[in-house]
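> Here's a sequence, model it:
(one chain, ligands or ions: 1)
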Amino acid sequence: MKDYEALSKKHFDGQAAEYDQRDTYYYSQNGKISCRDIAEQIRALPYESLLDVGCGTGFLIDLLTRQKAARYFGLDLSDEMIHVAQEKAIPGASFTVGSADHLPYPDESFDIVTCSQSFHHYPYPEQAMLEAKRVLKPGGLYILSDTGIGGLGAWIDNHILFKLARSGDCRTTNRQGIEKLMTNTGFTVTDSRQIKGMIYTVTGRK
Ligand SMILES: C[S@@+](CC[C@H](N)C(=O)[O-])C[C@H]1O[C@@H](n2cnc3c(N)ncnc32)[C@H](O)[C@@H]1O
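Predicted structure coming up:
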């Protein structure tokens, strides 16, 4: 495991037991907003297999299984988060410990890849995006929801606040930054919206 992954793992292993209960900004509040937005956006879409990268305690997959029968896969760096997700025994879902930077799945495995409030923990965002693209089937959707700002605020977050929070090697990116990254990694951006405050969701098609 790389150093930045070990830092994130330590941070989220420590949060796992109370993650679903603590409804604060630094815990799961933004995650729930993002997960509900993603679930709403894909409610009417046809798909058979979906991977949620940085799935945490499985909140999004739990929502989605109530919406549609499909094969659901959750992956997270934190084995404690994965343990909480597995304990929920969500029908049709399987959870795996792993990193967004090297996904343990063959090429062209999924119709949809989602990522909720996890992408800012990836210090090599291009690598994580290329991995999502690799495991998507041609025409598949990558739906990324996160919290982020640009300009001076981003500099303060990236260089001061995230360091104080000791939550891993984080990088905040605003919606326009994600659109650019998706375009640069070969996705076609099909939807981009600000959901609430600094929280946004961007969708790219492979
Ligand atoms: C803020 S939580 C969000 C969890 C969930 N997706 C949600 O929206 O509530 C961020 C999650 O990303 C995971 N994570 C951080 N870095 C990761 C990486 N490189 N690969 C996979 N998961 C990672 C953390 O372990 C944590 O569970």
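
> near the ligand, which residues of the protein?
Contacts of the chain with the ligand, taken as C-beta under 6 Å from any ligand atom, map to 5, 8, 12, 28, 31, 34-35, 54-56, 59, 76-78, 81, 99-101, 116-118, 121-122. Every residue, glycine included, has its C-beta placed from N, CA and C.

> ok, 5 Å please
8, 12, 31, 54, 56, 59, 76-78, 81, 99-100, 116-118, 121 (C-beta under 5 Å from any ligand atom).

> Now do the residue located most distally from the centre of the chain against residue 159, distance only.
Distance to the chain centre peaks in the chain at residue 152, reaching 24.5 Å (criterion: C-alpha atoms, centre = their mean). Plainly put, residue 152 is 11 Å away from residue 159 if you go by C-beta to C-beta, to the nearest Å.

> And the residue nearest the centre of the chain, how close does it get to residue 132?
In the chain, the C-alpha nearest the mean C-alpha coordinate belongs to residue 115, at 2.2 Å (C-alpha atoms, centre = their mean). With distances taken as C-beta to C-beta, residue 115 is found 7 Å from residue 132.

> Of the residues of the chain next to the ligand, which belong to strands?
With DSSP state E as the criterion, strands contain 76, 116 from among the residues of the chain next to the ligand.

> Tell me the helix or strand right after the helix or strand of the chain with the lowest mean pLDDT.
The helix or strand of the chain with the poorest confidence is helix 162-165; it has a mean of 66 (mean pLDDT, DSSP states H and E). Toward the C-terminus, helix 162-165 is succeeded by helix 175-184 as the next helix or strand (DSSP states H and E).

> any weak-confidence spans in the chain?
24-28, 154, 158, 162-168 (pLDDT under 70).

> which residues in it form helices?
3-19, 29-42, 59-67, 79-87, 125-135, 151-156, 162-165, 175-184 (DSSP state H).

> The longest one to helix 59-67, inter-axis angle?
Pointing back at helix 3-19 there. 60 degrees (axes from the mean of the first three to the mean of the last three C-alpha atoms, to 10 degrees).

> buried sites along helix 3-19?
Neighbour-count burial for helix 3-19, counted by 16 or more other C-beta atoms under 10 Å, picks out 4-5, 7-9, 11-13, 15-16, 19.

> Closest one to residue 175 out of these, please.
residue 8 (22.6 Å; C-beta to C-beta).
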